[in-house]
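prediction below, plus the sequence it came from.
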Amino acid sequence: MNGRQPSECPENFSGGARCMDEMCGPVAGLGSDPVVAGSGGVVGGEAACSMWRVGLLLVTLCATLTLAQFPRQCVTPEGLLSGQCCPSPAGVAGDECGSSTGRGQCVVIAADNRRHGPQYPYAGRDDREKWPLRFFNRTCQCNGNFSGYNCGQCRHGLTGPNCDQRISVVRRNIMQMSAAEKQAFVNALDQAKTTVHPDLVICTRRYQEVFGPDGNTPQFENVTIYNYFVWSHYYSVSKTYLGSGQTSFGGVDFSHEGPGFVTWHRFHLIQLERDMQNMLGDSTFALPYWNFAIGGSECDICTDELLGARSSFDMSSISPNSVFSQWRVICESVEDYDTFGTICNSTETSPIRRNPAGNVARPMVQKLPEPQDVLDCLELNAFDTPPYYSTSSESFRNTIEGYSAPQGMYDPVVRSLHNLAHLFLNGTGGQTHLSPNDPIFVLLHTFTDAIFDEWLSRHQPGEVVYPEENAPIGHNRNFNMVPFWPPVTNAEMFVAATENLGYSYEVQWPTRAYTVSEIITIGVVAAVLLVAVLGGVIACAVRARSYRSAEALEPLLGETFRCYSEDDRRLDKSQSVV
Ligand SMILES: O=C(O)c1cc2cc(O)c(O)cc2[nH]1
């Protein structure tokens, strides 16, 4: 933890008490807690019962303070063995999911049963299949606007004791924020990096080993708010361990290379934003975005005022003047995880590496996407196309993800939009198992999400366009996204953010440049118009001229006529006179 101390829990989580790890000890230490001894050990009659009660009291006390990737009170040996995770928001026995106040009830978890694509050829080899059934099969189902693992929270975009007040935050371009706003955001990120998550602990072993070496010590660990954000991304992309001496299977990714790319990352950000709002005690806090579609080879947010300038000592390091130079990454030992079947834990190791535009071996990733690329991908009509994978063509999803050219054509050598922005960073932010360790990840993904939201708003698709089956594992419409808890499906994030999720984007979308054929058409039309106008002008001029010539002759004629008429009148007069 860089020698820095985790902060206290925010008031609304702790009720003024200190964080779970301080009050209750580390989760991995629950093995020595009476609740665990009472359940797993041979403890008799009265003693066991009173120990159980003490344990229950402790768990209940802790329950009001924390939850987990699975709620903390659920990751006891009994909780894991029961398969049920339905805590009470008030910490009251018999009040599962706040049922006594009508907030919710404990129900069986529905996991997606539809076929997935051929990319993952196994069954029963990975804890993430049919998420989260390997760990739990019962969860809270909340009524009305209540939400959360125990129905103690409100749905996104709602607040108040009855969750009936609308609330919405606006995600803005970080470059357009004031100096004070920029500083506040950097400080908030840094606070999240060191604040122990009030709700979540991470699982540090595969299910097979989750009860620990003694069979009675659940392998879960505290983690900071920001490191949970990193860990959940790592967990979703990690390979399938197939056993000792076997190569882990890499053809699996629960958050990339499929339609769930946009929905998974959307929820990932919402969760971080909420955690930071709670940490700050500020429900108006919004994650900003980085408009990475600016072309060129300059990282405009890589300044010490924002995400950290380049160090003048080392091209791939962050300037010591930035707080992010002090950050240390987690989930770095990917070879170990894949070789030994271990899982990333909360141990921090090396500094962030970043060398924007510096990949000399790959010139294609030395330049950021162009503004036109965003406009092109927004024009694609199909959300995704078979095989709903990184090889899909004419797919909005595969294009914004960046495996297709911005106009939609799949090309194995192309990296565009989101992928290009990652690879441009050329370091921690360009490696899937590590990338969220670089906080640029947050801003890169809010912009990606803004493009997704704009596409939803322009095309108004409805969930039917999201594939129900045959997408890669994890990506079907009703698959519960890994590793989120309580279960949330891809479909739940396939909705307009403003109306459904309590946030919106303030974006000036670039105006479209004309295509060559449009320029030619416009030129031809303009030329025709010009000829027509010129023709008209010339015709008028000629007519006017001929009128003028006619008028020039008129006085003579007039005079003549007048002469005649005057003669006539004179004549008449004379006649009358006569
Ligand atoms: O090679 C790619 O296209 C690539 C790298 C990378 C890193 C990352 O964190 C992502 O989320 C995607 C991604 N794609």
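Cool, got the structure. Numbers count the residues shown, from 1 in each chain.

identify the residues contacting residue 392.
384-386, 398, 403-404, 410 (CB atoms under 8 Å, 6 or more residues apart in numbering). For every residue, glycine as well, the C-beta is placed using N, CA and C.

any idea of the mean pLDDT for stretch 219-233?
Averaging pLDDT along stretch 219-233 gives 97.

before we move on, back to that, return a PyMOL selection command for the buried portion of the contacts of residue 392.
This is the PyMOL syntax for the buried subset of the contacts of residue 392, where burial follows 16 or more other CB atoms under 10 Å:
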select buried, resi 384+385+398+403+404+410
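
pLDDT, distance to residue 169 and secondary structure for the contacts of residue 392 - can I get that in TSV?
Below are the contacts of residue 392 laid out as TSV (pLDDT from 0 to 100; distance: CB to CB, whole Å; DSSP: H, G, I helix; E, B strand; the rest coil):
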residue	pLDDT	distance to residue 169	secondary structure
384	99	28	coil
385	98	33	coil
386	98	36	coil
398	98	29	helix
403	98	31	coil
404	98	32	strand
410	98	36	strand
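
give me the subset of the contacts of residue 392 touching the ligand.
Residues of those in contact with the ligand (CB under 6 Å from any ligand atom): none.

which of the contacts of residue 392 sits closest to residue 84?
Set against residue 84, the nearest of those by CB to CB is residue 384 (35.2 Å).

report the separation between that closest one and the ligand.
Distance of residue 384 to the ligand, given as CB to the nearest ligand atom, to the nearest Å: 17 Å.

isn't residue 262 right up against residue 395?
No - at 11.0 Å, residue 262 and residue 395 do not qualify as touching, with contact defined as CB atoms under 8 Å.

and the residue of the stretch 301-450 of the chain closest to the ligand?
Nearest residue of the stretch 301-450 of the chain to the ligand, counting by CB to the nearest ligand atom: residue 435, 3.0 Å away.

mind pulling up the pLDDT for that residue?
98.

and for it, the neighbour number?
By the measure other CB atoms under 10 Å, the count of residues near residue 435 is 23.

what do you get for residue 190?
Residues near residue 190, counting by other CB under 10 Å: 17.

got it, and residue 333?
For residue 333, the neighbour count with other CB under 10 Å is 16.

for stretch 117-136, the distance to its chain's centre please.
Relative to its chain's centre, stretch 117-136 lies at 24 Å (CA atoms, centre = their mean, to the nearest Å).

make 26 the first number, not 1, from now on.
Sure, I'll start numbering at 26, so the last one becomes stretch 142-161.

in stretch 132-143, which residues are buried?
Going by 16+ other CB under 10 Å, stretch 132-143 has these buried residues: 134, 136-137, 141-142.

get me the contact residues on the stretch 226-375 of the chain for the ligand.
Counting by CB under 6 Å from any ligand atom, the stretch 226-375 of the chain sits next to the ligand at residue 281.

helices of the stretch 226-375 of the chain, residue ranges please.
250-262, 285-305, 359-365 (DSSP state H, counting those that start in this stretch).

need the next SSE after the last one, C-terminal direction.
Pointing back at helix 359-365 there. Where DSSP states H and E defines the elements, the next helix or strand beyond helix 359-365 is helix 396-403.

distance between that next one and the chain's centre?
19 Å.

contact partners of that helix?
318-320, 421, 424-425, 431-433, 441-442, 476, 479-480, 483, 534-535, 537-538.

pull out the buried residues from these.
Buried, going by 16+ other CB under 10 Å: 318-319, 421, 424-425, 431, 433, 441-442, 476, 479-480, 534, out of the contacts of helix 396-403.

among those, which ones are in strands?
Using DSSP state E, no member of the buried ones among the contacts of helix 396-403 sits in strands.
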